[in-house]
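**Student:** dropping a prediction and its sequence here:
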Amino acid sequence: MRRSLLLSILLLTLLLPATSWAQAVGGLIVGKLVGTDGAPLENISVSLKKAGTGVNTTTDGSFKLKADAGTHLLHISGLGYVTQETSVEVVAGKTTTLPTITLLINKHELAEVKIMEQRGLNQRPASISKMPIAPLDLPQAAVTVDRQVLEQQQVLRLSDALANVSGLYVTSTTGGTQEELGSRGFAYGSNNTFKNGVRFNNGVMPEASSLERMEVLKGSAAILYGNVAAGGVLNLVTKKPQFERGGSVGLRVGSFGFWKPIVDVYGAVGNSDKVAFRLNGTFEKANSFRDNVESDRVYVNPSLLFELTPKTTLVVEGDYLRDNRTPDYGIGAIDYQIQESRTRFLNVDGAKNATSQTSTTATLSSRLNDAWQIRGVAGFQGYTNEQQSASRPVASFAPATYGDLTRGLQRSETQENYFLAQLDLTGKFRTGFLEHTLLLGADADQYQTTAIAYTNPDSKLSSNAAITAFDIINILDRSKVIAQPKERLAGFQDLVRNTYTKGNTRRAGFYAQDLLSVSEKVKVLAGLRWSYQETPSDVYYYNTFVNRNTKPAPVAGTLADNRRFDNAFSPRLGVVFLPVKTTALFASYSNSFTPNTGFDLEGKSLAPSLIDQYEIGIKNDLFKGALSANVTAYRIVNSNQSQSVLPNDPRFATSRTPSPQELAGEVTSKGWK
C-alpha cells in the first residue's frame, strides 16, 4: 500500500512539470518595422499588451517575441513615432510571420530629441568601409573620432585629434604649411586622404571646425580605393544639413594675436520638408612667437539636402579654403642646443605660401528595398599653390666656419584639377546557411596637374636647379658678415621659369567584396579589385638663359615623354571569430600595388611595386562600449622597391636615362599597436 502510494506521488511529480509545460506551449511572433522611407527602425518597443512582456527591434528592424497560443494585442511604440496596436493570432508550436509594419513619424511629439551614442567604437559602422557592418566584423582595425570628442578636446588642427588614433602620426609639416600624416611606415599623401569619400589634396591643412567625424581605416584599403599606400586611409566627414533649425556661434582666442570666429547654422529651406541646408565657416588670423611669421585663412562649407523620394536623398556640398602663411623651418640647433632666442626668423623677407582649395561633392543615396541600397558620388576639386621661400638652411660649402648656414631661394606654382565618379551597390541576402553582406562597386578619377619651377637665370640648364644659392648666414653671430655667392640673387623677382611639368593621371577600378556570416561567431571577408592607371607626365624647359629680362617661352619638344600604363588585381581575404559578442579575433591578407614613375638604365618603365600585407589582431568592447581596446600585429612586404642607380656605378655612364632607377628587392615593415 505504502509502495503504491509512493509510486503514485513520484509519477505525479514527474508529470506535473510536463503538464505545466504543455499548457504553456505557445508560438513565435516574427516581424519587421520600417520607417516611411523604408529604412529599418532599431530599438522600437514591441510588447504583448496584456502579458506586459516585450523586446526591442534589432539593427535591421526585425523582432522575435514568444507568446502563448491564442489571440494577443501587439503594442508597438517608439520615441518620435505614432504608436500602433495590432491583433495577432498565435498557434501553438508555430511561427507567425507578420507583414512589414511601417511606423509614421509623430510630428506633434518632442520638437527636439537629443540621442547620446551608447555603442562602442567597434560597433559604430563607418562610411570609410563602404559596407553597412560594424567594425567588430571587419578583419582590420577601424577607428572613428566623432564630433563630441573633437569639440571636447577643442581640436584646432588635424594633428590635435591624432591622440585618439594609435599608430597615426605626423611625418612632416613642410615649414608649418601642412601636416603630412603617416602610419606603419608609409606616408598617407593625397592618395590616402579623403573628405566625404573624395580624395583631397593634403598640401594644405584641412579645417577641423567643420568636421562631424574623422574615420581611419588602418592597413590595406586598396580593394576599396585603388592606388593607396599600405599604411591606411583617412576620411574626413563634414557636418550635414538638418531639417531642425539651429546653429551656434563661437570665438576662439589665444596668444600671439590668435583669433578665430566660427559660425554654424542649419535648418529647413523656408517651410520645406524636402530641402534642408547647412552653412558653417570660419576666419582665422594669427602671428607667432617667431619674428615675421603670420597666417590667415578663410573657410566656408555650404551644403544642401534634398529628399527626392521617401527612399532617395541627394546631398550637395561645397568647400572653399584659402590659406596664407609664412613658411617657418625653425632656428636649428648645434650639439642639440638651441642657439640665441627661439624668436629668431631664418627665412627671408617676402617668404609666403599661398594656397586655395575649392571642391564640390554630390552624393545620391537610394534604398531599393529592405535589403539593397545604391550610392553614387561625383566630386570635383580645384587646388592652387604659390610658394616663394628660402630653402631649409644647410651647412655652408664656403670655407668651414662654425655656425655658417647657406640659404637658397625657391619658387614654384602648382595647379591641380581633380574629378571623381563612384558607384556602390550594397545588399544583404542568404544562400542556404550563409548570410551575405555584398559590396559591388566601380570608380574612376582623373588628376590634371601643372607645375612651374623657377631658377637662377645664371645657372646651367638642369632639372635640379629649382633651388639656388642666395646667401650665407651665421646662427651664432647675427651681425657677422659672410661673403656672398658670385651670382647672388637680389630676391624672388630675379628667379625665372625653368621647367613646366604637365600631368594627367587617369585611373579606374572595379571591385567586389562579400562578408559571409558562417555563423554568429565566424565571419569571412573576401574580395577582389581590378585597377587600371595611366600616368602621362611631360616636362618642358623654358628658354630663359639667354637674357634674364626675356619673357620665358617653352622650348620646342619635351624633356621626357613619361607615359606609363599599369593594371593589377588586388585580392583580400580575412577571417573573424567572435567568442563573445564584444570580442573579435581576426586574421587577414591583402595585396596592393604602387606604380613606379622612374625609368631603368635602358630607358624602360619600371614595373610597379607589389605590396603584401598580413594582419592578426583582437578587438574588445568593455564596460558596455564605454571602453574599446584593440591590438593589431602586421607585416608589410614590398617586393619591388625602387631606388636610384648611384653615379659611381659603372652602368651609370652608359645609361640611356639621365637619372636611372632600378628595382632593389624587398623592403619589410612590421610591428604591432
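**Tutor:** Done, it's in.
**Student:** C-alpha from now on. contacts and neighbour counts both.
**Tutor:** Noted.
**Student:** now do the contacts for the closest residue to N474 other than its chain neighbours.
**Tutor:** Leaving aside its chain neighbours, N474 sits nearest to D404 (4.4 Å; criterion: CA to CA, 6 or more residues apart in numbering). Applying CA atoms under 8 Å, 6 or more residues apart in numbering, we find D404 in contact with A395, S396, I472, I473, N474, I475.
**Student:** buried subset of these as a PyMOL selection?
**Tutor:** Command for PyMOL, covering only those of the contacts of D404 found buried under the criterion 16 or more other CA atoms under 10 Å:
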select buried, resi 396+472+473+474+475
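**Student:** dump the contacts of D404 to TSV, plus pLDDT and distance to L525.
**Tutor:** Below are those laid out as TSV (pLDDT from 0 to 100; distance: CA to CA, whole Å):
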residue	pLDDT	distance to L525
A395	71	53
S396	63	56
I472	80	59
I473	80	59
N474	78	60
I475	76	58
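**Student:** quick check: domain ranges of the chain?
**Tutor:** 22-102, 246-672 (automatic domain parsing).
**Student:** for the ones you listed, which one sits closest to G167?
**Tutor:** When these are compared by CA to CA, domain 246-672 sits nearest G167, at 8.9 Å.
**Student:** surely A163 is within a helix?
**Tutor:** Yes. According to DSSP: H, G, I helix; E, B strand; the rest coil, A163 belongs to a helix.
**Student:** restricted to strands, list the contacts of D404.
**Tutor:** A395, I472, I473, N474 (DSSP state E).
**Student:** which one of the residues you listed sits closest to W530?
**Tutor:** A395 (48.0 Å).
**Student:** tell me what that closest one is bridged to.
**Tutor:** For A395, the beta-bridge partners are L405 (DSSP bridges).
**Student:** check A444 too.
**Tutor:** A421, A508.
**Student:** so who does it touch?
**Tutor:** Contacts of A444 (CA under 8 Å, 6+ apart): L420, A421, Q422, R506, R507, A508, G509.
**Student:** and the two most separated of those?
**Tutor:** Farthest pair in the contacts of A444, by CA to CA: Q422 and R506, 13.9 Å.
**Student:** pLDDT below threshold where in the protein?
**Tutor:** 1-25, 107-124, 332-336, 338-340, 396-401, 458-468, 481, 483-488, 542-563, 625 (pLDDT under 70).
**Student:** would you map the helices across it?
**Tutor:** Ranges of helices within the chain are 2-24, 147-152, 222-225, based on DSSP state H.
**Student:** output the contacts of A444 as a markdown table; include the columns distance to T95.
**Tutor:** Shown next, in a markdown table, are the contacts of A444 (distance: CA to CA, whole Å):
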| residue | distance to T95 |
| --- | --- |
| L420 | 49 |
| A421 | 46 |
| Q422 | 43 |
| R506 | 55 |
| R507 | 52 |
| A508 | 49 |
| G509 | 46 |
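**Student:** spatially nearest residue to T437, not counting backbone neighbours?
**Tutor:** That would be K428: by CA to CA, 6+ apart, it lies 4.6 Å from T437.
**Student:** same question, Y532
**Tutor:** Nearest residue to Y532 in three dimensions, chain neighbours excluded: N567, at 4.3 Å (CA to CA, 6+ apart).
**Student:** cool, Q373 as well?
**Tutor:** Q373 sits nearest to R367 (CA to CA, 6+ apart), 4.3 Å away.
**Student:** how much space separates the one you found from A378?
**Tutor:** 18 Å (CA to CA, to the nearest Å).
**Student:** same deal with R430?
**Tutor:** 32 Å.
**Student:** out of those two, which sits in the more crowded spot?
**Tutor:** Set R430 next to A378 and count neighbours by other CA atoms under 10 Å: A378 wins out with 20 against 11.
**Student:** what is the neighbour count of the residue nearest to the more buried one when sequence neighbours are not counted?
**Tutor:** With CA to CA, 6+ apart as the criterion, A378 has its nearest non-adjacent residue at 4.6 Å, and that residue is A421. When neighbours are counted by other CA under 10 Å, A421 registers 18.
**Student:** who touches A421 in this structure?
**Tutor:** Contacts of A421 (CA under 8 Å, 6+ apart): G376, V377, A378, G379, D443, A444, D445.
**Student:** which one of the residues you listed has the most neighbours?
**Tutor:** G379 leads these on contacts (other CA under 10 Å) with 23 neighbours.
**Student:** pretty sure it sits against T358.
**Tutor:** No. Using CA atoms under 8 Å as the test, G379 is too far from T358 to be in contact (10.9 Å).
**Student:** hey, where'd the strands end up in the stretch 451-600 of the chain?
**Tutor:** 467-474, 496-517, 522-534, 537-541, 565-580, 583-594 (DSSP state E, counting those that start in this stretch).
**Student:** winner for burial among those?
**Tutor:** Comparing those by mean neighbour count (mean count of other CA atoms under 10 Å), strand 583-594 ranks first with a mean of 23.
**Student:** quick one: work out the angle between it and strand 565-580.
**Tutor:** 180 degrees (axes from the mean of the first three to the mean of the last three CA atoms, to 10 degrees).
**Student:** can you list the strands that strand 583-594 pairs with?
**Tutor:** Partners of strand 583-594 in its sheet, by DSSP bridges: strand 565-580 (antiparallel), strand 609-622 (antiparallel).
**Student:** which residues does the first one contact?
**Tutor:** Contacts of strand 565-580 with the rest of the structure, by CA under 8 Å, 6+ apart, involve 137-139, 222-223, 520-535, 584-593, 595, 608.
**Student:** next one: stretch 385-399
**Tutor:** By CA under 8 Å, 6+ apart, stretch 385-399 touches 327, 329, 346-348, 350-356, 403-415, 467, 472, 492.
**Student:** can I have the buried ones of the residues you listed as a ChimeraX selection?
**Tutor:** With 16+ other CA under 10 Å as the burial test, the buried ones among the contacts of stretch 385-399 are selected in ChimeraX as follows:
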select :327,329,346,347,348,351,352,353,354,355,356,404,405,406,407,408,409,410,411,412,413,414,415,467,472,492
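**Student:** tell me how far S272 lies from N106.
**Tutor:** Taken as CA to CA, the span from S272 to N106 is 17 Å.
**Student:** I meant to write R375 there.
**Tutor:** 28 Å.
**Student:** those two: which has the busier surroundings?
**Tutor:** R375 (19 against 13).
**Student:** ok so, going back, check contacts around the residue nearest to T437.
**Tutor:** A371, W372, E435, H436, T437, L438.
**Student:** who touches the closest residue to D68 other than its chain neighbours in this structure?
**Tutor:** In this structure, D68 finds its nearest non-sequential neighbour in G26, 3.9 Å apart by CA to CA, 6+ apart. By CA under 8 Å, 6+ apart, the residues touching G26 are K66, A67, D68, A69, V90, V91, A92, G93, K94.
**Student:** now do 6 Å
**Tutor:** Shown in contact with G26 (CA atoms under 6 Å, 6 or more residues apart in numbering): A67, D68, A69, A92, G93.
**Student:** how much space separates the residue nearest to D137 when sequence neighbours are not counted from R564?
**Tutor:** Leaving aside its sequence neighbours, D137 sits nearest to V576 (CA to CA, 6+ apart; 6.5 Å). Computed as CA to CA, the V576 to R564 distance reads 39 Å.
**Student:** what's the answer for L217, then?
**Tutor:** Relative to R564, and taking CA to CA, L217 is found at 30 Å.
**Student:** re the thing from before, return the member of the ones in strands among the contacts of D404 nearest to S659.
**Tutor:** Relative to S659, and with distances defined as CA to CA, the nearest of these is A395, at 25.4 Å.
**Student:** what's across from F569 in the sheet?
**Tutor:** W530.
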